[in-house]
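S.K.: What would the 3D arrangement of this be:
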Amino acid sequence: MTAATTIIEGAALARLLAWLSPAYPVGAFSYSHGLETAVEEGVVTRRDDLIAYAAAALRHGAGAVDAGLLALAWRAADAGDDAALDEVTDLSAAWRGTAELALEASQPGAAFALVTQAAWPEPRFAAYAARHPGRLTHAVVTGAAAALHGVPLRAACFAWLTAFAANIVSAGVRLVPLGQTDGQIATAALLPHVEAATNAALAVSHPDELGSAALAIDLFSARHETQYTRLFRS
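M.R.: Okay, the predicted model is just below:
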């Protein structure tokens, strides 16, 4: 029986909760996914705007692409297909709209690999990480680790998308600014979008089926590179 058909519990659940907790030291909190520019330019000024921004990222932007890549990486790692896993990893490293969005994917990815190897050593994961220095994106390395540690695919994908959305909401709470309760209301409102993005990702069987259409987010990210005052790295 593979991790795809098991109920998540025990050690697998503990790993997933730890890996995608804000306490896991990958530095995701320092990125806003272009939101800082959207707030600066008056596009996101209230809770509903923040929800719409995060939903767009989940359904049409990096969330949609990265969740699909996570699923492909999980399946390749679960099957022991190193060639397919390496192909997905290389594609994920290249599939970035701006320099800052590339950093937002690769820096937490590298940090995730280092911390996970130290805390939960696994020979196949170590070999995989060693093959891709500087090219591991957060979604793909999470997918590979999940498969190799027996974490079910749906749970891994859903949890990663939840953390992705939560990071955007957290940035919005600080930038707009909003209250903590507004942040939790936004997180709850994004649940249907996380579920839909998870289902879409699990339906992906080939990289050619992936695509994004969140051009406004890419433009906000590009303008963020030269924004005069910045709190975030993207």
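
S.K.: Please tell me how far H206 sits from T142.
M.R.: For H206, the distance to T142 (CB to CB, to the nearest Å) stands at 20 Å. In this view, the C-beta of every residue, glycine as well, is placed from N, C-alpha and C.

S.K.: I'd say V115 and S21 touch.
M.R.: No: applying CB atoms under 8 Å, one finds V115 not in contact with S21, separated by 11.4 Å.

S.K.: hmm, back to that, looking at H206 and T142, which has the bigger crowd around it?
M.R.: T142 (30 against 8; other CB atoms under 10 Å).

S.K.: Let me know the secondary structure of that one.
M.R.: Going by DSSP: H, G, I helix; E, B strand; the rest coil, the secondary structure assigned to T142 is helix.

S.K.: ok, for it, nearest residue in space, not its chain neighbours?
M.R.: Using CB to CB, 6 or more residues apart in numbering and skipping residues adjacent in sequence, the residue nearest T142 is W160, 5.4 Å away.

S.K.: before we move on, what about A163?
M.R.: Nearest non-adjacent residue to A163, counting by CB to CB, 6+ apart: L20, 4.2 Å away.

S.K.: hey, which helix or strand in this protein has the poorest pLDDT?
M.R.: helix 10-19 (a mean of 92; mean pLDDT, DSSP states H and E).

S.K.: just checking, what packs against that one?
M.R.: If you count contacts as 3 or more CB pairs under 8 Å, 6 or more residues apart in numbering; DSSP states H and E, helix 10-19 packs onto helix 99-119, helix 138-148, helix 153-175.

S.K.: Rebuild these as a markdown table, extending it with distance to L85 and mean pLDDT.
M.R.: Listed next are the helices and strands packed on helix 10-19 as a markdown table, based on distance: least, CB to CB, whole Å; pLDDT from 0 to 100:
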| stretch | distance to L85 | mean pLDDT |
| --- | --- | --- |
| helix 99-119 | 13 | 97 |
| helix 138-148 | 6 | 98 |
| helix 153-175 | 14 | 97 |
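
S.K.: Burial-wise, tell me which of those helices comes out on top.
M.R.: Here the criterion is mean neighbour count by mean count of other CB atoms under 10 Å, and of the helices and strands packed on helix 10-19 the winner is helix 138-148, at a mean of 28.
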